[in-house]
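>>> need a 3D model of the following:
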Amino acid sequence: MISMNQAGDRVLLEVKVVPSASRTEIVGEKDGKLRVRVAAAPEDGKANLELRTFFAKLLGCSKSAAELVRGEKSRIKTLAFPASAAERLQALIGISDTVPPLIHRIEKA
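Just a heads-up that it's a prediction; the model follows:
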C-alpha cells in the first residue's frame, strides 16, 4: 500500500520513476511506492522536471510547489507538496473516500 508522510507544512510521497516512456502516467504501485512512467529522458534533469510538472497539473498546484526533495539521480524519488494538496493526493493514490479519483494521465497537447 502506498503511504504519504506529513512533514511540517508539506506532504511527502515516494515514487518509483520509469523514464523514457511513451507518455507520462501513473501505472500503479511497486514496493509501497507510486510507480510513474515519465515521457522524458533521464538527462539534464528533464525527467525530474517532467515528473514535477505532471504532479503539479494533477494536483492543481505550481511546479515550484511540487518539490523534489530526494533522489535527483535515482529512480526512487521523494516529492514534497503543500499540505493543502494532501486530500487530492490521497484521492490520486486511492486512500480517500471523500474525493473522486483523479485522472492519472495528462495528454500532451
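
>>> what is the burial count for Val11?
Other residues near Val11 come to 21 when the count uses other Cβ atoms under 10 Å. (C-beta placed from N, C-alpha, C; glycine too.)

>>> same check, this time on the one 10 residues further on
Using other Cβ under 10 Å as the criterion, Ala21 is surrounded by 16 other residues.

>>> what's the single longest helix in the protein?
Using DSSP state H, we find that the single longest helix of the chain is helix 46-59.

>>> show me what counts as buried in that one.
Ala47, Asn48, Glu50, Leu51, Arg52, Thr53, Phe54, Phe55, Ala56, Leu58, Leu59 (16 or more other Cβ atoms under 10 Å).

>>> please work out the average pLDDT along the helix or strand containing Ala86.
If you go by DSSP states H and E, Ala86 is part of helix 86-92. Mean per-residue pLDDT for helix 86-92: 86.

>>> other SSEs contacting it?
strand 4-7, strand 10-18, helix 46-59 (3 or more Cβ pairs under 8 Å, 6 or more residues apart in numbering; DSSP states H and E).

>>> could you give the separation of the longest helix of the chain from the chain centroid?
The gap between where helix 46-59 is centred and where its chain is centred comes out at 7 Å by Cα atoms, centre = their mean, to the nearest Å.

>>> who are the packing partners of that helix?
On a contact count with 3+ Cβ pairs under 8 Å, 6+ apart, helix 46-59 meets strand 10-18, strand 67-70, strand 76-82, helix 86-92.

>>> one more time with 10 Å, if that's ok
Under the contact definition 3 or more Cβ pairs under 10 Å, 6 or more residues apart in numbering; DSSP states H and E, helix 46-59 sits against strand 10-18, strand 25-30, strand 33-37, strand 67-70, strand 76-82, helix 86-92.

>>> I'd like those as TSV, with distance to Ser3 appended.
Shown next, in TSV, are the helices and strands packed on helix 46-59 (distance: least, Cβ to Cβ, whole Å):
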stretch	distance to Ser3
strand 10-18	8
strand 25-30	10
strand 33-37	9
strand 67-70	15
strand 76-82	12
helix 86-92	10
